[in-house]
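Participant: Sequence first, then the predicted structure, then my questions.
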Amino acid sequence: MNLPPGGLPIYRVLTGPDDATFCHRVSDALQMGYVLYGSPATTFNGEHVIVAQAIIWPASVSLTK
């Protein structure tokens, strides 16, 4: 089975403030080979919008079928 590099898990949830740094983290994961899983979720912590995006390693999709 094709696994993510560096021992990373096949499922990850990236979270953080909705800013360029977060967008770069998601973009880096996509370039690494991860794919988006579902829609992003957002909340407001009283100061900043916080976003969460689930990502999965594509080879893991066949494990659930």
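Facilitator: Yes, it's here.

Participant: Now the terminal residues of stretch 44-53, how far apart.
Facilitator: Across stretch 44-53, the terminal residues are separated by 15 Å (C-alpha to C-alpha, to the nearest Å).

Participant: where's that stretch relative to the chain centroid, distance-wise?
Facilitator: Put simply, stretch 44-53 sits 16 Å off its chain's centre (C-alpha atoms, centre = their mean, to the nearest Å).

Participant: Just the buried positions in it, please.
Facilitator: 51, 53 (16 or more other C-beta atoms under 10 Å). Placement of C-beta: from N, CA and C, glycine included.

Participant: Not counting that stretch itself, show me its contacts.
Facilitator: Contacts to stretch 44-53, defined as C-beta atoms under 8 Å, 6 or more residues apart in numbering, come from residues 13-18, 22, 26, 36, 40-43.

Participant: among the residues you listed, which ones are buried?
Facilitator: Applying 16+ other C-beta under 10 Å to the contacts of stretch 44-53 flags 14, 22, 26 as buried.

Participant: Is the first one within a helix or a strand, and which one?
Facilitator: Yep, that's Leu14 we're talking about. Using DSSP states H and E, Leu14 sits in strand 11-17.

Participant: need the contact list for Thr42.
Facilitator: Taking C-beta under 8 Å, 6+ apart as the test, what Thr42 contacts is 18, 49-52.

Participant: Taking those residues together, which two end up most distant?
Facilitator: Maximum pairwise distance in those, criterion C-beta to C-beta, is 11.0 Å, between Val49 and Ala52.
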